[in-house]
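Visitor: Sharing a sequence plus its predicted fold:
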Amino acid sequence: MSFPTAVALLLVLLIPALALGPNGESNDELFELERATCLYGEGHGYLAGGHPEEAVEAYTYYLWAVPNNPVAWYNLSCAYSLLGQTDLAYKALEKAIHYGFERYEAARGDSDLANLAVEPRFAELLENAESTRIAATVVNEIEMTATGTYTVALPPDYAESAGDYPVVIVLQGGQSTPDTYLPLTEACGREGIIYLLPRSPYPSFSTYAFTWRAGYNALPGFGAGLRDGDDAPDYRQLYCDWIAACLKDTRENYRTDGEAVFVVGHSWGGEFAHSFSVLYPELSKGYLSYDGWFSDIKRTKPEAVFSPEVIVENGLSLYLFSGGESNVPTTSTDALVAYLNEAGYGRVTVKDDFDAGHGLNEEVQAAIAEVLDKEARGL
């Protein structure tokens, strides 16, 4: 089931129970909006499935109820073009641009628009829209600050003890929260360690939509929608700076030993356990990554933080764990291990046959606990 269709079905369940909509709509108006929302999702399916006539019907009805959706107008233009009705395709594309469509290069290369694209007015429309947009708008960037949160899990004897404790940073996977990983701290033992769990910076819309609970990601989007080019924000640096800020605040407010910390990361957190350790080697003694989603997405600048030579230069301890049945790509971790092996580096442990898939079952938790006994507790 597609995402728009799933949302539409949710609206079907919720809307009839309301006497009035949030803007005072009547039941009849809400019913029409409900039907239109369903057809919006169906339009996507028809277009992708090679049924442009049905797509035209679905999008036309939807746009009658919601006339300012540029994506719907664009898809309607594609459907008309596929049917050879280029006049209607042109008018729909004009509407899409009017309501904010700006993916001009994508439109030029879209095979669905091939029948329209051979006409000179197509290129003219896009060129005029592009030049007008560039002349009328300027994208500016300034630093934006926001209040984030982190969770600290203290040892059971913290209140009675006068001693200082080592810190272990636990980095969450995508679409989750620090609370999701508190059971891991219990399984690994709270004795003798202060666990620091920074919350990832970016809200996960899909988590809210499908589970009605909070969820956060390390990067905006799920590895997509990030701007290309040298002027794009370095999201990894921003997140790792945030982790360092959480550690600084923890040291100022809790009794820590002030030594370099050990980092544990799961999924996307595994990638950022690596990123943090190579960007802040003075703060990290090493990391454990379980099923780390080491992104191969060039747009997010992995070359800036991959830096395996930093591992060697600073003598960091690495534990690269993964599930035998996991579908997480290993291209980057394989390259990392190959580099370290070629360098004769001995402080890396690889185990890729956990019977856990992508999850943290008891076998994985026990292995992490054993590592923390050595790296954090010094046992």
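Guide: Perfect, I can see it now. These numbers were taken from a predicted model, which means no experiment stands behind them.
Visitor: now the strands for this protein?
Guide: With DSSP state E, the ranges of strands along the chain come out as 150-153, 167-171, 194-198, 202-203, 216-217, 261-266, 284-290, 317-323, 348-354.
Visitor: Thought residue 286 was touching residue 274, still the case?
Guide: No. Using C-beta atoms under 8 Å, residue 274 is not in contact with residue 286, being 10.1 Å away. Quick note: C-beta positions are derived from backbone N, CA and C, even for glycine.
Visitor: mind giving me the domain split of the protein?
Guide: 3-136, 150-375 (automatic domain parsing).
Visitor: Contact partners for the residue nearest to residue 352 when sequence neighbours are not counted?
Guide: Leaving aside its sequence neighbours, residue 352 sits nearest to residue 322 (C-beta to C-beta, 6 or more residues apart in numbering; 4.6 Å). Counting by C-beta atoms under 8 Å, 6 or more residues apart in numbering, residue 322 makes contact with 290, 291, 292, 328, 330, 333, 351, 352, 354.
Visitor: just the buried members of the residues you listed?
Guide: Neighbour-count burial (16 or more other C-beta atoms under 10 Å) applied to the contacts of residue 322 gives 290, 291, 292, 328, 330, 333, 354.
Visitor: What is the nearest of those residues to residue 205?
Guide: residue 328 (22.1 Å; C-beta to C-beta).
Visitor: And that closest one, how far from residue 320?
Guide: To residue 320, residue 328 is 12 Å away according to C-beta to C-beta, to the nearest Å.
Visitor: hey, what's in contact with both of these two?
Guide: With C-beta under 8 Å, 6+ apart, residue 328 and residue 320 have common neighbours residue 292.
Visitor: Output the lowest mean pLDDT helix or strand found in this structure.
Guide: Lowest by mean pLDDT, DSSP states H and E among the helices and strands of the chain is helix 3-14, with a mean of 40.
Visitor: Below-threshold pLDDT in the stretch 201-350 of the chain: ranges please.
Guide: Within the stretch 201-350 of the chain, the stretches with pLDDT under 70 are 209-210, 221-233, 295-306, 331.
Visitor: Please enumerate the helices of it.
Guide: For the stretch 201-350 of the chain, the helices defined by DSSP state H, counting those that start in this stretch occupy 205-211, 235-253, 268-279, 303-306, 308-314, 331-342.
Visitor: So which of those helices is nearest residue 196?
Guide: Using C-beta to C-beta, the nearest of the helices of the stretch 201-350 of the chain to residue 196 is helix 235-253, at 5.2 Å.
Visitor: by contact count, what packs against the closest one?
Guide: strand 150-153, strand 167-171, strand 194-198, helix 268-279, helix 303-306 (3 or more C-beta pairs under 8 Å, 6 or more residues apart in numbering; DSSP states H and E).
Visitor: Which strands border the first one, and is each parallel or antiparallel?
Guide: The reference is to strand 150-153. Its sheet considered, strand 150-153 pairs with strand 194-198 (antiparallel) by DSSP bridges.
Visitor: what mean pLDDT does the strand it pairs with have?
Guide: Strand 194-198 carries an average pLDDT of 97.
Visitor: measure residue 168 to residue 373 for me?
Guide: Between residue 168 and residue 373 the computed distance is 11 Å (C-beta to C-beta).
Visitor: Check residue 329 too.
Guide: Plainly put, residue 329 is 31 Å away from residue 373 if you go by C-beta to C-beta.
Visitor: Looking at these two, which is more packed in?
Guide: residue 373 (15 against 12; other C-beta atoms under 10 Å).
Visitor: distance of the residue nearest to the more buried one when sequence neighbours are not counted from residue 114?
Guide: Nearest residue to residue 373, sequence neighbours excluded (C-beta to C-beta, 6+ apart): residue 379, at 4.4 Å. Residue 379 sits 67 Å away from residue 114, going by C-beta to C-beta.
Visitor: Over to residue 360?
Guide: Taken as C-beta to C-beta, the span from residue 360 to residue 114 is 48 Å.
Visitor: So between the two, which is more surrounded?
Guide: With neighbours defined as other C-beta under 10 Å, residue 360 and residue 114 compare such that residue 360 has more, 22 against 12.
Visitor: for that one, what are its contacts?
Guide: Contacts of residue 360 (C-beta under 8 Å, 6+ apart): 184, 266, 290, 368.
Visitor: ok, now with 7 Å
Guide: 184, 266, 290 (C-beta atoms under 7 Å, 6 or more residues apart in numbering).
Visitor: got those as a markdown table, with distance to residue 164 columns?
Guide: Formatted as a markdown table, the contacts of residue 360 follow (distance: C-beta to C-beta, whole Å):
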| residue | distance to residue 164 |
| --- | --- |
| 184 | 23 |
| 266 | 27 |
| 290 | 28 |
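Visitor: and of these, the nearest to residue 196?
Guide: Among those, and counting by C-beta to C-beta, the member closest to residue 196 is residue 184, at 13.0 Å.
Visitor: Give me the neighbour count for that closest one.
Guide: 21.
Visitor: Between residue 274 and residue 286, which has more neighbouring residues?
Guide: residue 274 (32 against 22).
Visitor: so the more buried one makes contact with residue 284?
Guide: No. Using C-beta atoms under 7 Å, residue 274 makes no contact with residue 284, being 9.7 Å away.
Visitor: Of the helices and strands packed on helix 235-253, give the one that comes closest to residue 220.
Guide: Nearest to residue 220, of all the helices and strands packed on helix 235-253, is helix 268-279, at 12.5 Å by C-beta to C-beta.
Visitor: Now do the closest one: which elements does it pack against?
Guide: strand 167-171, helix 235-253, strand 261-266, strand 284-290, helix 303-306 (3 or more C-beta pairs under 7 Å, 6 or more residues apart in numbering; DSSP states H and E).
Visitor: Let me know the angle separating it from strand 167-171.
Guide: Helix 268-279 and strand 167-171 are oriented at 130 degrees to each other (axes from the mean of the first three to the mean of the last three C-alpha atoms, to 10 degrees).
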